[in-house]
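> no sequence on hand, only this structure:
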């Protein structure tokens, strides 16, 4: 089975700037928090990942239950292929928002990148149960990697069924066909 890194999926890369599927929390209304949030958002939108990571770290230090802060920190780590830190960020998102399917998908993709295949498949399948929300590219990437792992674990019928969903959508990407 092919074991390409998570960012090389056929259905397109997940959008790392998408919002978490959990309902946004009201941010702490301190001037310091608001300034940091604006700076972090600006850094993220400008793809200054190291700066964004540092600013989101300050935000979650001020408000540890700030789901979006952990989310955006995780997606920045994912963009940099820093899978160990990405994994920890999404574990935190899941602990705060346990039904966030998109967070399970990112967690599974990070675990795939770390070659933790059993856990990866478990979390990728969990993402399907909870749904991806408004991150459609992520759903395809997660599904593709789940199919790779099913095939790797000799769950061929499930893998074929999962890959068949791409055909049903008209996705004729050569990597899916392979």
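Arrived safely, thanks for sending. Given the structure is predicted, the values throughout are model-derived calculations rather than measurements. Numbering: from 1, shown residues only.
> so where does the residue positioned nearest the centre of the chain fall, helix or strand?
Compute the mean C-alpha point of the chain, and by Cα atoms, centre = their mean the closest residue is residue 106, 2.2 Å away. According to DSSP states H and E, residue 106 maps onto helix 101-113.
> just to revisit the earlier point, tell me how many other residues surround the nearest residue to the residue nearest to the centre of the chain once chain neighbours are set aside.
Spatial nearest neighbour of residue 106, chain neighbours left out: residue 90 (4.9 Å); criterion: Cβ to Cβ, 6 or more residues apart in numbering. The C-beta positions use only the backbone N, C-alpha and C, and glycine is treated the same way. Residues lying near residue 90 (other Cβ atoms under 10 Å) number 30.
> what's the spacing between residue 90 and residue 165?
Using Cβ to Cβ, to the nearest Å, we find residue 90 at a distance of 24 Å from residue 165.
> try residue 107
Distance, residue 107 to residue 165, by Cβ to Cβ: 21 Å.
> more neighbours, these two?
Neighbours per residue, other Cβ under 10 Å: of residue 107 and residue 165, the larger number sits with residue 107, 27 against 15.
> test my guess that that one contacts residue 121.
No - with contacts counted by Cβ atoms under 8 Å, residue 107 stays clear of residue 121, the gap being 11.6 Å.
> who's sitting farthest from the centroid in the chain?
Max radial position in the chain (Cα atoms, centre = their mean) goes to residue 31, at 29.9 Å.
> after the top helix by length along the chain comes which helix or strand?
Of all the segments of type helix in the chain, defined by DSSP state H, the longest one is helix 136-152. Downstream of helix 136-152, the next assigned helix or strand under DSSP H and E is helix 156-168.
> pull out the buried residues from that following helix.
For helix 156-168, the buried set under the neighbour-count rule, 16 or more other Cβ atoms under 10 Å, comprises 158, 159, 162, 163, 166.
> thanks a lot, see you next time.
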